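**Student:** quick one, structure for this:
(one chain, ligands or ions: 1)
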Amino acid sequence: MDSDGMLHISLMGGQARAMLIEGTQMVDRARALHGLSRTATAALGRTLMATSMLGTMQKGALESVTVSIKGGGPIGTVLAVGKSDGSVKGYVENPDVELPRAGEKLPVGAAVGKGGKLTVIKDLGLREPYVGQVNLASGEIAEDFAMYFTASEQVPSLVALGVLVGEKVEAAGGLIVQLMPGAGESAIRSIEASAGMFMDISATMREYHLTGAVWQLLGHLEPEVLKEIRPAYRCDCSRERVERALISLGREELGDMISEQHGAEVDCHFCDRRYRFTEEELSALLEYALNRRSE
Ligand SMILES: [Zn+2]
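**Tutor:** Prediction:
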């Protein structure tokens, strides 16, 4: 299988730009890790690819970008965290929700719901993170991201996201096309006229893969590849991080874990890794917390 990839592309001499991602392995990894239903695979997969692209779009340093989608549907919250190197992780609240198909497409909108919001939190390493929020357009994810870029970041954008799921993920792809300030009328019309070609992006990705898809989807818009990125599903949790989180709970909660539960199990939401702590290990953390307090 070809590996995942992402391209940043300039269009029509800089009047527009595109991010194109092939995320088949990334999405399949999320499916396998979380035991996702087909519909949940499509919902989380679309969100992971968009968040991965969003993470690589920042000009300056970016600690992380967190996207949460709460639509009020049976799947619950969909959450993804991306970084500037294209790595991404995420989960859905109810991974086994499955709904009857409406035609060809998986019923992502019905599973996510559209009675809520898409929220983007960019941690730029400053004291206050940037927060943008829009009402969901359809819960189909691509339209919701398009709404976010257009309304919250005020950059007119087309977004296409698609995941083909069989027993495993057969193909996953995504595209964001954005008009740059000062784009001419004919450039705007060319992009608007192309929207229909972007709709079946997962099938395009299955057939042509990333480099072929550039020409298939954007060949008529004078594409110039500016940058190549290797996106991946990656969780950066560690025992040290979990220890720090336990210490930050404070001595009362740590004390309860020791005296009542005689240990602790902490599961990472992003990779389902389980961290176990014995009574003795918790006592050592408690001692550390107490010493730190008295300093
Ligand atoms: Zn993890």
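**Student:** for the ion, what are the nearby residues on the stretch 101-250 of the chain?
**Tutor:** Within the stretch 101-250 of the chain, the residues that sit near the ion (CB under 5 Å from the ion) are 235, 237. (C-beta placed from N, C-alpha, C; glycine too.)
**Student:** what segments of the stretch 101-250 of the chain are strands?
**Tutor:** All strands of the stretch 101-250 of the chain, identified by DSSP state E, counting those that start in this stretch, fall at 117-123, 130-135, 157-165, 169-179, 224-229, 232-233.
**Student:** quick one: strands adjacent to the third one?
**Tutor:** Each strand paired with strand 157-165, and its direction, by DSSP bridges: strand 169-179 (antiparallel).
**Student:** put together JSON lines for the strands of the stretch 101-250 of the chain, with mean neighbour count and mean pLDDT on each row.
**Tutor:** Putting the strands of the stretch 101-250 of the chain into JSON lines (neighbours: other CB atoms under 10 Å; pLDDT from 0 to 100) gives the following:
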{"stretch": "strand 117-123", "mean neighbour count": "18", "mean pLDDT": "96"}
{"stretch": "strand 130-135", "mean neighbour count": "14", "mean pLDDT": "95"}
{"stretch": "strand 157-165", "mean neighbour count": "25", "mean pLDDT": "97"}
{"stretch": "strand 169-179", "mean neighbour count": "25", "mean pLDDT": "97"}
{"stretch": "strand 224-229", "mean neighbour count": "14", "mean pLDDT": "97"}
{"stretch": "strand 232-233", "mean neighbour count": "20", "mean pLDDT": "96"}
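**Student:** redo the ones you listed as JSON lines? Include distance to R273.
**Tutor:** Converted to JSON lines, the strands of the stretch 101-250 of the chain look like this (distance: least, CB to CB, whole Å):
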{"stretch": "strand 117-123", "distance to R273": "23"}
{"stretch": "strand 130-135", "distance to R273": "29"}
{"stretch": "strand 157-165", "distance to R273": "24"}
{"stretch": "strand 169-179", "distance to R273": "21"}
{"stretch": "strand 224-229", "distance to R273": "26"}
{"stretch": "strand 232-233", "distance to R273": "13"}
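**Student:** for N135, list each beta-bridge partner.
**Tutor:** On the basis of DSSP bridges, N135 is bridged to K117.
**Student:** so how far is the ion from it?
**Tutor:** 31 Å (CB to the ion, to the nearest Å).
**Student:** that residue contacts E143, correct?
**Tutor:** No: with contact defined as CB atoms under 8 Å, N135 does not reach E143; the gap is 11.4 Å.
**Student:** counting neighbours, what do you get for the residue lying closest to E140 once chain neighbours are set aside?
**Tutor:** For E140, ignoring the flanking residues on the chain, the nearest one in space by CB to CB, 6 or more residues apart in numbering is G109 at 4.5 Å. G109 is flanked by 22 other residues according to other CB atoms under 10 Å.
**Student:** let's see the pLDDT reported for L20.
**Tutor:** On the pLDDT scale, L20 is placed at 98.
**Student:** you'd agree Y130 is up against I121?
**Tutor:** Yes: taking contacts as CB under 8 Å, Y130 lies within contact range of I121: 7.2 Å.
**Student:** which neighbours do those two share?
**Tutor:** When CB atoms under 8 Å, 6 or more residues apart in numbering defines a contact, no residue borders Y130 and I121 alike.
**Student:** ends of stretch 138-150, what's the gap?
**Tutor:** With CA to CA, to the nearest Å applied, stretch 138-150 spans 15 Å between its terminal residues.
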